[in-house]
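> What follows is a predicted structure for the sequence shown.
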Number of protein chains: 2
Amino acid sequence: MGTKYDTEKFKRKALQVPAAQELILNQVTSGEIETIVSVDSHERIIAEAITAPHPYPAFRRSGMDGYAIVAIDTLNTDDGIVWLKVIDEVPCGTVSSKIISSGTAARIMTGAQVPEGADAVVMLEATEQRNENGVSWVGIKVPARSGQNITPVGFEITEGDTLLRSGHKIGPGELSVLATFGVHQIQVYRKPVVGIFSTGSELLDITDPLEPGKIRNSNTYMLASQIREAGGEPVVMEAIPDDIELARSKVEEALQRYDLVVTTGGVSVGDYDIMGDLVRCGSMDMLFNKVAMRPGSVTTAAVKDRRLLFALSGNPGACYVGFLLFVRPAIRKILGIDKDQLLLPRWTAELGRAYTKVNNFTRFVRGTLKVTDGKVVAYPAQLDESSVMVTIKDSSCLIIIPPELKGAAEGTKVDVILLPGALA
Amino acid sequence: MGTKYDTEKFKRKALQVPAAQELILNQVTSGEIETIVSVDSHERIIAEAITAPHPYPAFRRSGMDGYAIVAIDTLNTDDGIVWLKVIDEVPCGTVSSKIISSGTAARIMTGAQVPEGADAVVMLEATEQRNENGVSWVGIKVPARSGQNITPVGFEITEGDTLLRSGHKIGPGELSVLATFGVHQIQVYRKPVVGIFSTGSELLDITDPLEPGKIRNSNTYMLASQIREAGGEPVVMEAIPDDIELARSKVEEALQRYDLVVTTGGVSVGDYDIMGDLVRCGSMDMLFNKVAMRPGSVTTAAVKDRRLLFALSGNPGACYVGFLLFVRPAIRKILGIDKDQLLLPRWTAELGRAYTKVNNFTRFVRGTLKVTDGKVVAYPAQLDESSVMVTIKDSSCLIIIPPELKGAAEGTKVDVILLPGALA
């Protein structure tokens, strides 16, 4: 009955969550870099700093459809209107060969380059037009100010300015910047590949009919989705039955092949808890095998040749939380993401409903966030046992209840961790 | 000089944003449905309701590694310990053939099926073991309560309960549910395919060297990223030069081929603003061509055979906001997403810095959100002109400044729209 390890199992030293996170992050460095075309870089993490090869705008840009003029010409419009001779027309993308001098104007479009000599653009709606013997005239009805409706060169960006920093995620705004400056190839971090094992002879596949005493393997698919969200590429391996030798060879093979390995199940104090045994007896260095948290206190992490093995609890809720607190930051660090964005965002909120359970460890309670009248309120889920699977999908935050609180009344200020994608 | 349409251009009737959104959403219905394997459904939108084919848990489940016993046996432990004969061992996934009766116990693992007759599980740590002539005995040190550490059948889900509703996005929690109940194929909404055109002879490709007076086409790639985020599939078309006949044929062809068509540029009051002309002269029904908003007041929408054309401003900021307010909800409705999640989340917040610009239309100011001490504070970007491109990437919200505010002091309560993915 495995008495050999029982003593060790009971004597596990519980780390606090931040200490365990630090141990993990210290083992991880940012990963390999690959070059891709920018237009395919949506949601990738940039692995280089991009500086501006030219100012932006690169020319004096008209902010209006109207007329480019010399502002001083319009100062004497007290009698109603000043007429200027229209000597050119400047569509977007063209450059006028004319120089605007006093008494002349050029028709110009929004976004076009303001011709030399002009120092203001008057909007079309504030003008009148007339034609006289084949000559076009524009009437200006309101005095113009020098610089009006002209965006100066370098208004947004000066040549050499940093446009994007390494570790930044590419989205619509970043793609706009890359395209504007003609950066058509960029270096990004390769997505870490994460091998996933479930352990346990009780596990049926998703396609299997139910059998007495057995359950279908759901954590594997949940983890695959979590890994995708974190920016990694999941590889789902066949579930490992409760056999330590088989588990050892499978895990060691996976550690050679993938950037990270995550297992679920087999980390409790029971006799069939093979992942704990594997770490204790194997050739891996254990980082921790107990964390002062609920759910997921048995979460185990070990390292071999700088590759991490995470042995998460088999309880769905504990597996979910363990992934977010420990595996996700590791994936994000391999992905080169900014140091201050490795962990999920943490806010303070007001508890919208009492949480009465007393814990000896810090509890991460699944809940929903609501923002009303500028105030953040967090509501704990009704079923928050670590084994409960159904409320995972309805959660938008984890509410942190420290043990010294001994539960928490409605209205208590609590820290909450935002779940990925929960609010948008 | 296009005078034929000038009068009409100036007379555009400005709709309020909610009215314009309603006009669009009334034209759109949820799209086609396809069947995929559940394990590939990460971030897809489910197009059917899923009900539970069995209760969950499907059997009485042990919540601990320990011993399954009859609770009443332990009531007399005042003298320290009650010894029970261990008659079976129940690993996960197996079913005991024994019935536990008074005086007996079974060794049981977390997650295993509790044998008949037992009504409590005592955790391993609260027991002692001894062996006597080949018979195993367990000593129970603390009285047990009936039901202790046993999760009853159907604790989370009763047979026939609704597990997932149509219109729900698949994430880790949903995949966990699908796998648990053996739902290995599901119906999801097909991703809408969205054709994108830029218009304007001034546009260079991302790979082109810069030319005087010209700019590179950046809105197209920004829109492609926005479409991906919204759940659609972008198709980037070649930019259309300022030629109305060419534009008409290209757009009509695209409307037959794609679920939606988005153009950027060519919607102002200038002479080369071909998208407006196309809608006015063509065979499309215009929904609106002016919205009471900044940036993006010239945003135009039209419909042909129930397919929508969105003609967004060519200004990067206006294009970005116009997409989020009008195109994104349409994509999400085609995707079958819940009615109350078509628009971006809207919160109230406190203005963290004064916004002094006075507007005649409601302004959507790019900004960043911070949550401090449970309070949501929004900071307007320093450069928020609609033509400004660089601050798009740094924004996490749009701050809504209504015209009657005439700017807004620090501390003013404002409505904010959360940008996609901004907070996680």
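In hand now; what should we look at?

> How about the secondary structure of A:A330?
When classified by DSSP: H, G, I helix; E, B strand; the rest coil, A:A330 comes out as helix.

> For the stretch 301-424 of chain A, what lies in contact range of chain B?
A:314-316, A:320, A:344-345, A:347-350, A:371-376, A:383, A:385, A:387-395, A:413, A:418-424 (C-beta under 8 Å from any C-beta of the partner chain). For every residue, glycine as well, the C-beta is placed using N, CA and C.

> helices and strands of chain A: which one bottoms out on pLDDT?
Ranked by mean pLDDT, DSSP states H and E, the weakest helix or strand in chain A is helix A:3-10, scoring a mean of 46.

> residues in contact with the following helix or strand past that helix?
Remark: after helix A:3-10, the chain's next helix or strand is helix A:17-27, criterion DSSP states H and E. If you take C-beta atoms under 8 Å, 6 or more residues apart in numbering or on different chains as the criterion, helix A:17-27 is touched by A:15, A:287-288, A:291-293, A:299, A:301, A:303, A:306, A:308, A:325-326, A:329-330, A:333, A:342-343, A:362.

> Give me the sheet partners of the helix or strand following helix A:17-27 and which way each runs.
For helix A:17-27, the following helix or strand on the C-terminal side (DSSP H and E) is strand A:33-37. For strand A:33-37, the pairing partners within the sheet under DSSP bridges are strand A:185-189 (antiparallel).

> Please state the offset of the partner strand from the chain centre?
With C-alpha atoms, centre = their mean, to the nearest Å as the basis, strand A:185-189 stands 17 Å off its chain's centre.

> Establish whether stretch A:218-229 and chain B are in contact.
Yes. Against chain B, stretch A:218-229 shows contacts by C-beta under 8 Å from any C-beta at A:218-226, A:228-229.

> How about the residue of the stretch 301-424 of chain A with the smallest separation from chain B, nearest residue that isn't a chain neighbour?
Distances between the stretch 301-424 of chain A and chain B by C-beta to the nearest C-beta are smallest at A:K393, namely 2.8 Å. Using C-beta to C-beta, 6 or more residues apart in numbering or on different chains and skipping the chain neighbours, the partner closest in space to A:K393 is B:G173 (2.8 Å).

> Checking that neighbour next. Helix, strand or coil?
B:G173 - assigned by three-state DSSP - is helix.

> ok, it - contacts?
Counting by C-beta under 8 Å, 6+ apart, B:G173 has contacts A:222, A:320, A:389, A:391-395.

> Give me the buried entries from those residues.
Among those, those buried by neighbour count (16 or more other C-beta atoms under 10 Å in any protein chain shown) are A:222, A:320, A:389, A:391-393, A:395.

> Let's see which of those residues end up in helices.
Per DSSP state H, helices hold the following members of the buried ones among the contacts of B:G173: A:222, A:320.

> Next, the contact list for the residue nearest to A:T299 when sequence neighbours are not counted, please.
Take A:T299 and drop its neighbours on the chain: the residue closest to it by C-beta to C-beta, 6+ apart is A:G322, 4.5 Å away. Applying C-beta under 8 Å, 6+ apart, we find A:G322 in contact with A:295-296, A:299, A:310, A:312-313.

> can you pick the most crowded of these?
A:L312 (29 neighbours; other C-beta atoms under 10 Å in any protein chain shown).

> So the closest residue to that one other than its chain neighbours versus A:F310, what's the distance?
Distances taken as C-beta to C-beta, 6+ apart place A:G322 nearest to A:L312, at 4.2 Å, with adjacent residues excluded. Remark: distance between A:G322 and A:F310 (C-beta to C-beta, to the nearest Å) = 7 Å.

> how many other residues sit next to A:Q382?
A:Q382, neighbours per other C-beta under 10 Å, totals 10.

> Nearest spatial neighbour of it, chain-adjacent residues omitted?
Counting by C-beta to C-beta, 6+ apart, the residue nearest A:Q382 is A:T391, at 7.5 Å.

> My read is that the one you found contacts A:L383, right?
Yes. Using C-beta atoms under 8 Å, A:T391 makes contact with A:L383 at a distance of 5.3 Å.

> about what we covered before: tabulate the buried ones among the contacts of B:G173 (JSON lines), appending pLDDT and distance to A:A254.
Shown next, in JSON lines, are those (pLDDT from 0 to 100; distance: C-beta to C-beta, whole Å):
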{"residue": "A:M222", "pLDDT": "97", "distance to A:A254": "19"}
{"residue": "A:Y320", "pLDDT": "96", "distance to A:A254": "21"}
{"residue": "A:M389", "pLDDT": "86", "distance to A:A254": "25"}
{"residue": "A:T391", "pLDDT": "86", "distance to A:A254": "31"}
{"residue": "A:I392", "pLDDT": "92", "distance to A:A254": "25"}
{"residue": "A:K393", "pLDDT": "92", "distance to A:A254": "28"}
{"residue": "A:S395", "pLDDT": "93", "distance to A:A254": "30"}
